[in-house]
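1. return a 3D structure for these sequence lines:
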Amino acid sequence: MLKSTKFVDLLDAPFSRRGSFLALANDNYGEDLYGKGNLWLCSSRITGIMDFNQNNGFRILKFALIYGGHPIPYVLDTTPYEVVMRSRYGSVRFTFAETKLVAAAADSPDLSLRMTIQKPVTWFTDPEPPTPLEKVSGAVLDFRASKLQVFSENLWQNSDYTEARPDGRGGALTVWFEDFYKREPKIRASYPSYEAGLADVKADFDSYAAKVCPALPAEFEPGRLPALWQTWQMTVLPDGESAYKRTMVKMIHSIFEGAFVWQQPLQAIVHAKGDLPLAWDIYLSGFEHMDDEGKMTDSLTYEETPSFGLKPPVHGASLLWLMDNTDFKSIPLSDKQWLYDRLVKWTDFWTKTHDADGDGVVEFAGLLETGWEDAPYFNIGFPCACPDLNALIVLQMEAISRLGADIGKPQAENDKWAADAKALTAKLVEKFWNGTEWFAFNAKTGEKSSTHTISLYFALLLGTRLPKDIIDKSIEYMFAPNHFDTPYGLATETIDSDYFFHGFTQGSIITPSSFWLAIALEWCGRDDLAREASRKYCAMLRDTGFFHIHNALTGKDDRSLTAFGEKGLFWSAWSSSTYIYLADKYGV
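-> Just a heads-up that it's a prediction; the model follows:
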């Protein structure tokens, strides 16, 4: 019996390439077992909530390996550059020859590749596909938002399926799948050979990996290439067709396919060590998508659509990190000036529109602004004033002050921003610290939170701006028995809390808190605790995969918080990038 050889398991991570909107995935209920897997071609441009919500809704074209006129069983092998359908009679290999072109090639002239569509995707032909099997020059899939041109020298089609067959001259089949969005589908005069396409994608990934993170400490080196690959293949590029104006990194295939604006500052930090121009492009990307009021778009897919959500302003914290840890003088002055105006606008949006009671501290107006949508402390209702949001505003004010000094803004203006940051820090301690722990309150009712949620401890991002006794007591609370510290990293709710129900931020271990609290502990002068928590978290990711959510009691990945008809969550580029950063900084 054949057994698969895997660089990544397609049940964990659909397979793609930087800049592509296509992917290859196993069936929603497939298995990594001979005869139980089904390979699909997928598109992140499927439109319509009903399309996504159906089983396999992310998937548009199902492949079958044909030998002797009938489908045969196979296993799915992967490398960083290929997906292979391997049978006892030979294989068909797939690679992303270009960002919008997938190539497939058989190694035996006895194999054919059958393709069956997933409705509501349709074959876009005129006339309709023939009922009897007939040879066609090419076929086009219409999946509403865009179309896919399929071409092979020996392509056959009927009303049930399309089939690429051997070339008719004794050679094995080759077939190409080209993604067309705003362009009209057409067959090319010539296509790159499979081997040329394979060499292209290999060069792209290998150069990225060598530049961004050429090595990790020995304990975490086994996860380096899979983590880099996950982030690389979730990266989107400005292509003149999609909404992306700069490089961004999406989160999770299918379920969270968009590039979330509050994740980009983290991605900038991760990429800064090896490729500062790329990191800076990623950092600036979210500021390309602001409304007149200064509100940033929550998430970008291939199209820019109205944004109903919002996320916390981590941009100031990230910018301060970039200023202190990179060659910031090499950043073009014009970029800094462009950023300054938008960072001011983004900060003013919060301070001028999110202070319902006028007390000088900002609040979240609703769940979809928080980034911690099921955090227990939001049970006090909205508007919810909390230390985490206000700490981020402090850092944003300070970043504006320092950036202003860097680009030559008037000293009085820079001093005003610095003074505002200092004043808000004092208010934050006054309003959100009870002597032993941090809390939130409802700005209308005055009700205080009684939960023990880790995002409240984002106040520690203020580092030594806080009084030392508050830092010490906060850290003592965090690392007390049955609180946040676990064998696998930091839980999002204390283990002994009456509100510990796992969930997204009700006790699970998740990526953003693992990343930003490592930064916070370091800024508080506790590199030892940052190292301890980060090594535990990275070991868990290395052993289980780069999933966004993990069980704080078992360390196992939690894929259950899913949507769109998917059986479970896939790997997250948020998590894979966090692994690269934390493993590189704290590994031994």
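
2. okay, CA-based contacts and neighbour counts for the rest of this
-> Will do.

3. what are the contacting residues of stretch 579-588?
-> Identification of contacts with stretch 579-588 by C-alpha atoms under 8 Å, 6 or more residues apart in numbering yields 213, 216-220, 224, 227-228, 269-270, 515, 530-531, 534-535, 538, 541.

4. kindly apply the preceding question to stretch 184-196 instead.
-> So stretch 184-196 is contacted by 95, 97, 103-105, 138, 140, 147-149, 151, 174, 176 (C-alpha under 8 Å, 6+ apart).

5. again, 6 Å this time
-> Stretch 184-196 is contacted from outside by residue 149, using C-alpha atoms under 6 Å, 6 or more residues apart in numbering.

6. what distance separates the start and the end of it?
-> Using C-alpha to C-alpha, to the nearest Å, the end-to-end distance of stretch 184-196 comes out at 25 Å.

7. let me see the mean pLDDT of it.
-> For stretch 184-196, mean pLDDT is 95.

8. if any of the contacts of stretch 579-588 are buried, put those into a PyMOL selection.
-> Burial among those is assessed by 16 or more other C-alpha atoms under 10 Å; the matching PyMOL selection reads:
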select buried, resi 213+216+220+224+227+228+269+270+515+530+531+534+535+538+541
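
9. strands of the stretch 151-300 of the chain, start to end?
-> Using DSSP state E, counting those that start in this stretch, the strands of the stretch 151-300 of the chain run over residues 155-157, 162-164, 174-180, 235-236, 248-249, 259-260, 299-300.

10. for the fourth one, the distance to its chain's centre please.
-> For strand 235-236, the distance between its averaged C-alpha position and the chain's averaged C-alpha position is 9 Å (C-alpha atoms, centre = their mean, to the nearest Å).

11. residues in contact with that strand?
-> 18, 19, 247, 248, 249.

12. what residues are up against the residue most central in space within the chain?
-> In the chain, the centroid-proximal residue (C-alpha atoms, centre = their mean) is residue 251; its distance is 1.7 Å. Residue 251 makes contact with 572, 573, 574 under the criterion C-alpha under 6 Å, 6+ apart.

13. what's the separation between the first one and residue 565?
-> Residue 572 sits 18 Å away from residue 565, going by C-alpha to C-alpha.

14. what about these two, which has more around it?
-> residue 572 (27 against 18; other C-alpha atoms under 10 Å).

15. which pLDDT value belongs to that one?
-> 97.

16. residues contacting it?
-> 251, 252, 546, 547, 548.

17. ignoring the adjacent residues along the chain, who's closest to it?
-> residue 252 (4.8 Å; C-alpha to C-alpha, 6 or more residues apart in numbering).

18. now do the helices in this protein.
-> 49-53, 194-212, 224-233, 264-272, 276-285, 315-325, 333-353, 387-407, 411-432, 468-478, 511-523, 527-544, 573-586 (DSSP state H).

19. kindly reformat those helices as TSV containing distance to residue 502.
-> Formatted as TSV, these follow (distance: least, C-alpha to C-alpha, whole Å):
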stretch	distance to residue 502
helix 49-53	25
helix 194-212	34
helix 224-233	25
helix 264-272	24
helix 276-285	31
helix 315-325	28
helix 333-353	30
helix 387-407	21
helix 411-432	25
helix 468-478	17
helix 511-523	14
helix 527-544	16
helix 573-586	18
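
20. can you pull out the low-pLDDT segments for the stretch 101-250 of the chain?
-> Across the stretch 101-250 of the chain, the ranges flagged by pLDDT under 70 are 119-130, 143-144.

21. hmm, back to that, nearest to residue 578, out of the strands of the stretch 151-300 of the chain?
-> strand 248-249 (12.7 Å; C-alpha to C-alpha).

22. okay, now the sheet partners of the closest one, with direction.
-> strand 235-236 (antiparallel) (DSSP bridges).

23. now do the domain split for this protein, please.
-> 22-200, 213-296+314-586 (automatic domain parsing).

24. for residue 3, find the nearest of those domains.
-> Of those, nearest to residue 3 by C-alpha to C-alpha is domain 22-200, at 6.5 Å.

25. and the end-to-end length of that closest one?
-> 17 Å.

26. roughly how far is stretch 286-304 from the heart of the chain?
-> For stretch 286-304, the distance to the chain centre is 17 Å (C-alpha atoms, centre = their mean).

27. ok so, going back, closest to residue 257 out of the helices of the chain?
-> So among those, helix 573-586 is nearest, using C-alpha to C-alpha, at 10.5 Å.

28. so that closest one versus helix 264-272, what angle?
-> 40 degrees (axes from the mean of the first three to the mean of the last three C-alpha atoms, to 10 degrees).

29. CA atoms of helix 573-586 as CSV?
-> C-alpha atoms of helix 573-586 as CSV (Å, rounded to 0.1, in the frame of the first residue of the first chain):
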residue,chain,number,x,y,z
ALA,A,573,0.0,32.8,8.6
TRP,A,574,-0.4,34.9,11.7
SER,A,575,0.8,31.8,13.7
SER,A,576,3.5,30.8,11.3
SER,A,577,5.0,34.3,11.3
THR,A,578,4.8,34.5,15.1
TYR,A,579,6.7,31.2,15.2
ILE,A,580,9.5,32.6,13.0
TYR,A,581,9.9,35.7,15.2
LEU,A,582,9.6,34.1,18.6
ALA,A,583,11.7,31.0,17.7
ASP,A,584,14.4,33.1,16.2
LYS,A,585,14.5,35.5,19.2
TYR,A,586,14.1,33.1,22.1
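
30. give me the contacts around stretch 285-296.
-> Outside stretch 285-296, the residues within contact range by C-alpha under 6 Å, 6+ apart are 246, 261, 297, 345, 346, 349.

31. what about 8 Å?
-> 245-248, 261-262, 264, 297, 310, 339, 342-343, 345-349.

32. nearest to residue 10, of the domains of the chain?
-> Of those, nearest to residue 10 by C-alpha to C-alpha is domain 22-200, at 5.4 Å.
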